[in-house]
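K.L.:
next one to model:
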Amino acid sequence: MNKLKKYVASTVIFAAFLLIFNGCANLNLNNKHENELLILHTNDHHGALLPYETKDGTLIGGVALQANLVKQMRNEYKNALLLDAGDVNTGSSLSNIFDAKPDILAFNALKYDAATLGNHEFDGTYEKLKTQMELSNFPWLSANVKFENNYIAKPYIIKDFNGFKVAIMGLTTSTTKYITIPAKFDGANGEKIEFLPEIHAAKETLDEIKNTNPDFVIALVHLGDIKGDPVHITSVDLANNTHGIDLIIDGHSHSVFQKPLVINGVPIVSAGSNNRYVGKAVLNLKDKKIKWNLVELTSKDFDLDDEMNGILEPFIRIHDEALNSKIITLKEPLLFENNEIRFKQLPIGRHVTDSMINLLFKFGIKADFGIINSGAIRSGINAGDVSKKDILISMPFPNTISAVSLKGDEVMELFNYIINIKPGFGGFAQISKDVSFTIDSSNKTILNLKIKNEPINPSKIYTIAVTDFLANGGDGYAILKKGINKFDSSVTLNEAFIEYLKLLEGKI
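P.N.:
Numbering: from 1, shown residues only. Prediction:
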């Protein structure tokens, strides 16, 4: 980056910190903010090691930009914490093929102080998790996960800043036991991984923490602020049902907070997902008041850190070589011309939706049908040897496979929206083979809708395989935002499709 750009970037950063919350604050860089504690936090990293590029060439996210931010902040603040609220695992192919080793090494280089176990830390085996924890130069936390009656991670840690003691407690959503595959953790003699009730575990741990006389207590949790189902304990529930927590740093819901959510006097903060943002809290050590804001990682404000790029380079080289290698031989082509996929149902659309259903089944979720917006599929795939690069060209977006449930009458509403989408629009739906219907052309409404050859039942709950983009109402699918039992696998569409092709051995 040239000197002018560096000057502009540093000026922007300096100005941003002058405009925190109400009015301006005078900065004295010589005293290193000795009476303040900086708390930087992330969550739901999901293997997002590299930035992505926008149309104007701006880079967004990634650990190299994050490293530049962290170094600047640590240079400014004498007292600093860097924390992660879980789900380091599962997302990009660069992370997945190395079992998140580059992610852990990046976190080590960033000098994280602690990370909480998220549900996706349990996507692999116990041996995989133990290897990751042994590789980490920082402690993993969780006060409610045990194996063979022993804590897998530390329930809490204490950090001391010149006599100011900060306790950091971890919690992991107990829904992990049915949104991942914890049976892989079963011991040889039938021992099972145990997820203790979050509130009970928190109360017991807080009582223990109280005996250490902390000045400030942080709950670093992977619970989420959005209730997925009636038994799901959220960070809001934690704030409402405990005493003694001063700040909740949350993950799991991928929520992008613009300001703290204050529940029962306790501020809850979260920093989105996929390493696009870093949360920044500044704690006054005298009055314990907190100022918080969200920082977006962008090359307009931060440089790429050379040291971090050096850590990633050997992994990127091996990954890129693998990207061009054959993954499957496709017996028949999955081709279409121009934007044909935005006008009619095509075989590639059916196979993509089938791959989404297949992926969710691995997580124990039986989807009744699947839909995908045609704009997510940018090109066809030729018969013959297929590389991962071919799949990424066809499905380039990092949208993740998700599930959402609707009542039958809402499913009718969904399909009445679908049949009225203008052909040529990216939201034009490709639908799995489990669905059939006719259309009343006189008033453009759905008739004879059947799911798996059964007439739609208005009161029945149906589970739909979608992407996170659609689940959040993208392309006008607002009805999906009303859904219940929402689940995000954090596995991208292209990864799910590759797995599906391998399962079929290319015979489509």
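K.L.:
any chance you could map the strands in the stretch 351-500 of the chain?
P.N.:
Per DSSP state E, counting those that start in this stretch, the stretch 351-500 of the chain carries strands over the ranges 369-373, 384-387, 400-407, 429-431, 435-440, 445-451, 454-455, 461-467, 484-492.
K.L.:
need the nearest residue in space to residue 171, chain neighbours excluded.
P.N.:
residue 221 (4.2 Å; CB to CB, 6 or more residues apart in numbering). Quick note: C-beta positions are derived from backbone N, CA and C, even for glycine.
K.L.:
output the strands of the stretch 351-500 of the chain in JSON lines; the columns should cover mean pLDDT.
P.N.:
Formatted as JSON lines, the strands of the stretch 351-500 of the chain follow (pLDDT from 0 to 100):
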{"stretch": "strand 369-373", "mean pLDDT": "97"}
{"stretch": "strand 384-387", "mean pLDDT": "94"}
{"stretch": "strand 400-407", "mean pLDDT": "96"}
{"stretch": "strand 429-431", "mean pLDDT": "96"}
{"stretch": "strand 435-440", "mean pLDDT": "93"}
{"stretch": "strand 445-451", "mean pLDDT": "93"}
{"stretch": "strand 454-455", "mean pLDDT": "96"}
{"stretch": "strand 461-467", "mean pLDDT": "97"}
{"stretch": "strand 484-492", "mean pLDDT": "90"}
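K.L.:
which among those strands is found nearest to residue 270?
P.N.:
Residue 270 lies closest, by CB to CB, to one member of those: strand 484-492, at 14.3 Å.
K.L.:
buried residues, stretch 56-70. List them.
P.N.:
By neighbour count on 16 or more other CB atoms under 10 Å, the buried set for stretch 56-70 is 59-70.
K.L.:
likewise for stretch 401-417?
P.N.:
Buried positions in stretch 401-417, judged by neighbour count with 16+ other CB under 10 Å: 401-408, 410-415, 417.
K.L.:
report the two of those residues separated the most.
P.N.:
401 and 412 (24.0 Å).
K.L.:
for this protein, what helix or strand is lowest in average pLDDT?
P.N.:
Lowest by mean pLDDT, DSSP states H and E among the helices and strands of the chain is helix 3-18, with a mean of 39.
K.L.:
please put the alpha-carbon coordinates of stretch 407-417 into PDB.
P.N.:
Provided in PDB are the C-alpha atoms of stretch 407-417 (Å, rounded to 0.1, in the frame of the first residue of the first chain):
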ATOM      1  CA  LYS A 407     -46.700 -24.500   8.600                       C
ATOM      2  CA  GLY A 408     -48.500 -25.900   5.600                       C
ATOM      3  CA  ASP A 409     -50.500 -22.700   5.000                       C
ATOM      4  CA  GLU A 410     -47.300 -20.800   5.100                       C
ATOM      5  CA  VAL A 411     -45.800 -23.200   2.600                       C
ATOM      6  CA  MET A 412     -48.800 -22.400   0.300                       C
ATOM      7  CA  GLU A 413     -48.000 -18.700   0.700                       C
ATOM      8  CA  LEU A 414     -44.300 -19.500  -0.200                       C
ATOM      9  CA  PHE A 415     -45.300 -21.300  -3.400                       C
ATOM     10  CA  ASN A 416     -47.800 -18.600  -4.300                       C
ATOM     11  CA  TYR A 417     -44.900 -16.200  -4.100                       C
END
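K.L.:
give me the contacts around the top helix by length along the chain.
P.N.:
In terms of residue count, the longest helix belonging to the chain (DSSP state H) is helix 306-323. Contacts to helix 306-323, defined as CB atoms under 8 Å, 6 or more residues apart in numbering, come from residues 49-50, 63-64, 66-67, 93-94, 97-98, 101-102, 105-106, 109-110, 387-389, 392.
K.L.:
for that helix, list every residue counted as buried.
P.N.:
For helix 306-323, by 16+ other CB under 10 Å, it's 308, 311-312, 315, 319, 323.
K.L.:
go on, stretch 361-375?
P.N.:
For stretch 361-375, by 16+ other CB under 10 Å, it's 363, 365, 367-375.
K.L.:
one more: stretch 48-56?
P.N.:
Within stretch 48-56, the residues that count as buried by 16+ other CB under 10 Å are 48-51.
K.L.:
so which of these belong to helices?
P.N.:
Among the buried residues of stretch 48-56, DSSP H puts none in helices.
K.L.:
output these in CSV, with distance to residue 432 appended to each entry.
P.N.:
Listed next are the buried residues of stretch 48-56 as CSV, based on distance: CB to CB, whole Å:
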residue, distance to residue 432
48, 29
49, 32
50, 32
51, 34
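K.L.:
closest one of those residues to residue 428?
P.N.:
For these, the minimum distance to residue 428 (CB to CB) is 29.1 Å, reached by residue 48.
K.L.:
I figured that closest one hits residue 90, correct?
P.N.:
No: checked against CB atoms under 8 Å, the pair residue 48 and residue 90 is beyond contact range at 10.8 Å.
K.L.:
which of the three states applies to residue 74?
P.N.:
Classification of residue 74 by DSSP: H, G, I helix; E, B strand; the rest coil places it in helix.
K.L.:
contacts only, for it.
P.N.:
Residues counted as contacts of residue 74 (CB under 8 Å, 6+ apart) are 38, 80.
K.L.:
the residue nearest to residue 445 when sequence neighbours are not counted and residue 138, how far apart?
P.N.:
In this structure, residue 445 finds its nearest non-sequential neighbour in residue 416, 5.8 Å apart by CB to CB, 6+ apart. In this view, residue 416 and residue 138 are 51 Å apart by CB to CB, to the nearest Å.
K.L.:
where does pLDDT dip in this structure?
P.N.:
For the chain, the stretches flagged by pLDDT under 70 are 1-31, 178-191, 228-229.
K.L.:
break it down into its domains, please.
P.N.:
3-317, 326-504 (automatic domain parsing).
K.L.:
how far does the last one stretch from one end to the other?
P.N.:
Across its full length, domain 326-504 reaches 15 Å between end residues, using CA to CA, to the nearest Å.
K.L.:
start at 873 instead
P.N.:
In the new numbering, first residue 873, that becomes domain 1198-1376.
K.L.:
hey, where'd the helices end up in this structure?
P.N.:
875-890, 935-948, 965-968, 973-982, 998-1007, 1048-1051, 1070-1082, 1107-1113, 1178-1195, 1219-1234, 1260-1266, 1280-1290, 1340-1343, 1365-1376.
K.L.:
right, and residue 1275 touches residue 1335 too?
P.N.:
Yes: in this structure residue 1275 lies within contact range of residue 1335 using CB under 8 Å: 5.6 Å.
K.L.:
can you check which residues contact both of those two?
P.N.:
Joint contacts of residue 1275 and residue 1335 (CB under 8 Å, 6+ apart) are 1237, 1239, 1357.
K.L.:
quick check: closest non-adjacent residue to the first one.
P.N.:
I take that to be residue 1237. Computed as CB to CB, 6+ apart, the closest residue to residue 1237 that is not its neighbour in sequence is residue 1275, at 5.1 Å.
K.L.:
give the contact list for that neighbour.
P.N.:
By CB under 8 Å, 6+ apart, the contact set of residue 1275 is 1232, 1237, 1239, 1335-1338, 1357-1359, 1361.
K.L.:
any of those buried? List them.
P.N.:
1232, 1237, 1239, 1335-1338, 1358-1359, 1361.
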